[in-house]
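In: I would like the atomic coordinates for the input below:
(chains A and B)
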Amino acid sequence: MIEVTLPDGSKREYEDGARPLDIAESVSKSLAKKALAARVDGELFDLTRPLERDAAVEIVTAKDPEALELIRHDAAHVLAQAVQELFPGTQVTIGPTVEDGFYYDFARDEPFSSEDFEAIEAKMREIVDADYPIIREVWDKEEAIETFKRIGEDYKAQIIDDIIPPGEPITVYRQGEWFDLCRGPHLPSTGKLPKAFKLMKLAGAYWRGDANNEMLQRIYGTAWTSEKELKAHLTRLEEAEKRDHRKLAGELDLFHLDASAQGSVFWHPKGYQIWLQVESYIRRRISEAGYQEIKTPQLMASDFWRRSGHWDKFRDNMFVVPDFEPSTEGDEVHIPADAELMAIKPMNCPAHVEVFKQGQKSYRDLPLRLAEFGCCHRNEAHGALHGLMRVRQMTQDDAHIFCREDQIVDETRAFCGLLNSVYEDFGFTDVNVKLATRPGIRAGSDDIWERAEADLEEALKATGLPYEIAPGEGAFYGPKLEFHLTDAIGRTWQCGTLQLDFVLPERLGAEYIDESGEKAQPVMLHRAILGTLERFIGILIEECAGAFPAWLAPVQVVVATITEAADDYAREATAALQAAGLRVETDLRNETINRKVREHSVQKVPVIAVVGEREAAERTLALRRFGSKGQEVVSLDTALDNLSWQALPPDLKRADRTESG
RNA sequence: GCCGCGGUAGCUCAGUGGUAGAGCGCACCCUUGGUAAGGGUGAGGUCGGGAGUUCAAUCCUCCCCCGCGGCACCA
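Out: Numbers count the residues shown, from 1 in each chain, chains lettered A, B, ... in the order given. Prediction:
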C-alpha cells in the first residue's frame, strides 16, 4: 500500500501501482473527468503513470497554470502526427511549447506552405476526434535509437544518441499508430485536447540552433483551453499590431526607412522632436549624476581597431573604408592594394580610452565618467534588421566609467539607481534584468572573471531588483547586466546595459597613478541606460501606442478654430503658448470643427484648444484632452500656467516642485 | 546570411495574358460649420528592378533588390 497526501492535507491509502487517475476517481467522478495530469511530489505525472511510493498528489485540471503547458505540448504532438500522415517522408525533430503556444520542427525536402495549414488543422481535429489514448512507454536507449533509425527518423535517433545519457531510460508516447520520443507528461488521450488551436506561421529554423546545420521547417501554433481564450489571444495580437512602431511611424509621420539606406532611419520633424526630448532629458540626468559629455571620431584607423581587439572579433560587422582618394573618372573604384584601411566606429569605448589616456590621471580623478551620444554603425545581417529595434546606424546614450576595482560596487549601484529612475520616468515598470556571465571564448583570467561576476551580482542584489542569470552570455571582455524591455507583441529587447571590462584598459594602455605613486590599471564600466535612442524610442512608441505623454509629444497643443472670425485670437493664443515653452500648432483651415477634432485626435495630440467667437470674445480656450470627450473652458492665462507645467519633463517637474516647495 | 511569404496611386488594398481600379489623402471650388469624417470637381501609376517565354507580360519563368515572419547573429 502507498499513502497519498491530497492538497487539502488529508491522507489516503491506495494499492501499490495506483495511478493518479485512480486517485482522482476515488475523490469524485467529476474530478476524474476534468483531470488532465497530476503533480506528484511537485513533479508532473501522466494520469496513467503508476505511483512508485508515498507521495503528495495534486490533480491538474484545465484551471491550473500547468494545463496550458500540457495542452500546448500535446498540440505539438498532434501537429506532428497530422503532418506525418499528410506528408509521408517528413521527419520529426523537436516540438516544444513556447509563450502562447508551441512549434514543431520538421525535416522535409518540399517546403510547406501556409496554404497547407487548413488541411493540417483539419487532420489535427480528426486526431482529436479519434480520441487515441496517449500511452507512456519506457524504452531502452539502444532499442530506441534502433527503432527510430529503422522508421527513417534520423533526427530523433540523433537526439537520443547525443542528449540522453547512457543507461538512462527513454520515454516514448504513443497515440494510435504514431509515437514520439518525449519526456512528457501528456494528456490521457488526444480527445482531451481542446480544439482551441490554430497554426500561425511558418519559418525556417536551424537544426539544433546552429547556422552550420541544415535548415528545418518550423510550424508555429497557438493553443488554449477554450475557443474563447483562443479568440481573445487572436484579438490581443490584432491589437498589438496596431501599436507596432513601424505602423505608427507612418500614421504619425515620425520617421521612415528606405532601401537607399537600409537599416538607417530618416527621422521626420515629429519623430526627431521626440528624439530631442529624450536626448535632452537623459543629458540632464547623466550630467546631474556626474558624467561629462564628449564627442569622438566617426572614422578610425584599422590599426587602432586591431589594438582594441575589435578587428579580429567583429570585422565582419564593421564598415571598412579605404583611406585613399578614389579616381573621379568612370564609375569603377579600384582600391590600391596598399591603401590604409579605416573603419566607421561600431562602438565608442576604444575612443573613450584614448580620451582617458590624454594627460596623466591620478586616483583622485576616479571615477571618471565619460559620456557620448555616439553614433555607431554596425553591418548587421539583412535578416536581423527590424524597424527601429535593430538598425545599422544607431546612437547610444553611451558612457564609460573609469574607476578602481573597489569602486565597482558603488558605481554599479549608482548606475542601477539612475537607470531605474529613468525607466520609471518613461513609464516602464516591466524590466527584465539579467546577469550575463563568462562566455566560452573570452579574454582575461578566470580569477578576474570570478571577481567581476561577484562584484556585479553584489551590486545588483543591493538594488533589490529581481534578476536572472544568463550563463555564458557575457561579453568577451567581461560580465554584464542587461536590462530588457518588451515590445507590443511580447518580444523583449535589450536596452540598458552595464558591462565590466578589465581587458580594454590594459589592451590600450590606460593607467593612473595610485595612492602609493604606482601605475595602476583602471577598470572600465561600459554602460547605457536607454541603449540606443532608436530602439528605446521604438519601444516607447509601442508602449504608449503613439499617445505620448505631454512632455514627449511632438505637438503638445493644437489651437483649432471654429470660424475665421477667431483666426486672430487663435494666432495670439498660439504665440502665447509658444512663448510659454510649448510645442504648438495652429489649425486655421476651412474645415468643420468636427473634422479638426477628429484629425488631431487621430494624431493623438494631447491637447486640442478650440477657439470660436465666444472664446475670442472672452479670451478663453476650450481644452479637449486626448482620450476624453469633454471639454474644459479656461482663461488663456490659466491655460498657459497649467499646460506649461503639465508639459514639463518629469525631472524638471521634480526640480520645480522642490524649488517652489 | 538561411527558410517561407510578399512588393499595384502618397497610404490601405482589389484586379486581369490584350498596357489598371476603389476608399482615404492631395489640388481647386462651394460651404464659416461648436467638439471624431459637410458637399462637388479634378490630378495622380515604367504595376519593385532586370532578363526570358509570348503576336502581346502588371499577370507565366529565372535572377536581383527591398519589406514581413522566424532562425542564426547582436561588441
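In: quick check, pLDDT for residue A:51.
Out: Reading off the per-residue confidence, residue A:51 sits at a pLDDT of 89.
In: oh sorry, the question was meant for residue A:225
Out: The per-residue pLDDT reported for residue A:225 equals 94.
In: tally of neighbours for it?
Out: A total of 18 residues lie near residue A:225 under the criterion other Cβ atoms under 10 Å. Yep, even glycine has a C-beta here, placed from its N, CA and C like the rest.
In: so it versus RNA strand B, what's the distance?
Out: Spatial separation of residue A:225 from RNA strand B under the definition Cβ to the nearest atom of the strand, to the nearest Å is 23 Å.
In: isn't that residue right next to residue A:194, touching?
Out: Yes. With contact taken as Cβ atoms under 8 Å, residue A:225 and residue A:194 are classed as touching, separated by 5.6 Å.
In: overlap in contacts, the two.
Out: Listed contacts common to residue A:225 and residue A:194 are A:62, A:71; contacts here mean Cβ atoms under 8 Å, 6 or more residues apart in numbering.
In: and the strands in the stretch 151-300 of chain A?
Out: Remark: strands assigned in the stretch 151-300 of chain A by DSSP state E, counting those that start in this stretch are A:170-175, A:178-181, A:197-206, A:215-223, A:255-257, A:265-267, A:292-293, A:299-301.
In: looking at the ones you listed, which is closest to residue A:124?
Out: Closest approach to residue A:124 among the strands of the stretch 151-300 of chain A is made by strand A:197-206 (6.9 Å; Cβ to Cβ).
In: what residues are up against the residue in the stretch 401-550 of chain A that RNA strand B sits nearest to?
Out: As assessed by Cβ to the nearest atom of the strand, RNA strand B sits closest to residue A:475 within the stretch 401-550 of chain A, at 3.9 Å. With contacts defined as Cβ under 8 Å, 6+ apart, residue A:475 is in contact with A:436, A:439, A:499, A:501.
In: PyMOL command to pick out the buried ones of these?
Out: When burial is assessed using 16 or more other Cβ atoms under 10 Å, the buried subset of those is captured in PyMOL by this command:
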select buried, chain A and resi 436+499+501
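In: from the contacts of residue A:475, which has minimum pLDDT?
Out: Per-residue confidence across the contacts of residue A:475 is lowest for residue A:439, with 88 (pLDDT).
In: mind checking how far residue A:214 is from RNA strand B?
Out: Where RNA strand B is concerned, residue A:214 sits at a distance of 8 Å (Cβ to the nearest atom of the strand).
In: find the nearest non-adjacent residue to that residue, please.
Out: Across the structure, with Cβ to Cβ, 6 or more residues apart in numbering as the measure, the residue nearest residue A:214 apart from its sequence neighbours is residue A:207 (5.4 Å).
In: ok, residue A:463 next?
Out: The shortest distance from residue A:463 to any residue that is not its chain neighbour, by Cβ to Cβ, 6+ apart, is 4.2 Å, and that residue is residue A:416.
In: next one: residue A:284
Out: Leaving out its chain neighbours, the residue that sits closest to residue A:284 by Cβ to Cβ, 6+ apart is residue A:651, at 5.9 Å.
In: which secondary structure element is home to the one you found?
Out: Secondary structure here is read from DSSP states H and E; on that basis residue A:651 sits in helix A:650-660.
In: also residue A:582?
Out: For residue A:582, no secondary-structure element claims it when assigned by DSSP H and E, so it is in no helix or strand.
In: kindly report the same for residue A:415.
Out: For residue A:415, the enclosing helix or strand under DSSP H and E is helix A:408-425.
In: what's the first helix or strand after that helix?
Out: Per DSSP H and E, helix A:408-425 leads on to strand A:432-436 as the next helix or strand towards the C-terminus.
In: just the CA atoms of that next one, as PDB, please.
Out: Taking Å, rounded to 0.1, in the frame of the first residue of the first chain, the C-alpha atoms of strand A:432-436 are listed here in PDB:
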ATOM      1  CA  ASN A 432      13.700  42.200 -17.200                       C
ATOM      2  CA  VAL A 433      17.100  42.100 -15.600                       C
ATOM      3  CA  LYS A 434      19.800  39.600 -16.500                       C
ATOM      4  CA  LEU A 435      23.300  39.000 -15.200                       C
ATOM      5  CA  ALA A 436      25.300  37.600 -18.200                       C
END
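In: and the contacts of it?
Out: Taking Cβ under 8 Å, 6+ apart as the rule, strand A:432-436 contacts A:453, A:456-457, A:460, A:465-470, A:472-475, A:479-486, A:492.
In: pairing partners for that strand, with directions?
Out: When sheet partners are counted by DSSP bridges, strand A:432-436 sits next to strand A:468-470 (parallel), strand A:480-486 (antiparallel).
In: in that strand, what's buried?
Out: For strand A:432-436, a neighbour-count test (16+ other Cβ under 10 Å) marks A:432-436 as buried.
In: so residue A:469 touches residue A:453, yeah?
Out: No. With contacts counted by Cβ under 8 Å, residue A:469 stays clear of residue A:453, the gap being 9.3 Å.
In: and the residue nearest to residue A:463, how far from residue A:79?
Out: The span separating residue A:416 from residue A:79 equals 43 Å under the rule Cβ to Cβ, to the nearest Å.
In: residue ranges with poor pLDDT in chain A?
Out: Across chain A, the ranges flagged by pLDDT under 70 are A:330-331, A:660-661.
In: get me the contact residues on the stretch 1-150 of chain A for RNA strand B.
Out: Proximity of the stretch 1-150 of chain A to RNA strand B, by Cβ under 7 Å from any atom of the strand, involves residues A:111, A:113-114.
In: to clarify, my last question referred to the stretch 501-650 of chain A.
Out: A:526, A:561-565, A:590-595, A:597-598, A:601-602, A:608, A:610, A:612-615, A:622, A:624, A:626-627, A:629, A:631.
In: got a quick ChimeraX command for the buried subset of these?
Out: Buried members of those, identified by 16+ other Cβ under 10 Å, are gathered into one ChimeraX selection as follows:
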select /A:526,561,562,593,597,608,610,612,615,622,624,626
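In: so which of the residues of the stretch 1-150 of chain A next to RNA strand B wins on neighbours?
Out: Across these, the neighbour count under other Cβ under 10 Å reaches its highest value at residue A:114, namely 11 neighbours.
In: next, the buried residues of the host helix or strand of residue A:57.
Out: Following DSSP H and E, the helix or strand that holds residue A:57 is strand A:55-60. Counting neighbours by 16+ other Cβ under 10 Å, one finds that the buried residues in strand A:55-60 are A:55, A:57-60.
In: next structured bit after it?
Out: Next element after strand A:55-60 (DSSP H and E): helix A:65-86.
In: and that following helix, C-alpha only, in CSV?
Out: Taking only C-alpha atoms (Å, rounded to 0.1, in the frame of the first residue of the first chain), the coordinates of helix A:65-86 have been written out as CSV:
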residue,chain,number,x,y,z
PRO,A,65,-1.4,27.0,-14.9
GLU,A,66,0.2,23.7,-15.9
ALA,A,67,-2.7,22.9,-18.1
LEU,A,68,-1.8,25.2,-20.9
GLU,A,69,1.7,23.8,-20.9
LEU,A,70,0.3,20.2,-21.3
ILE,A,71,-2.2,21.3,-23.9
ARG,A,72,0.4,23.0,-26.0
HIS,A,73,2.7,20.1,-25.7
ASP,A,74,0.0,17.8,-26.8
ALA,A,75,-1.0,20.1,-29.6
ALA,A,76,2.6,19.9,-30.9
HIS,A,77,2.4,16.1,-30.9
VAL,A,78,-0.9,16.1,-32.7
LEU,A,79,0.5,18.6,-35.2
ALA,A,80,3.4,16.2,-35.8
GLN,A,81,1.2,13.2,-36.2
ALA,A,82,-1.1,15.2,-38.6
VAL,A,83,1.9,16.4,-40.7
GLN,A,84,3.4,12.9,-40.9
GLU,A,85,0.1,11.4,-42.0
LEU,A,86,-0.5,14.1,-44.6
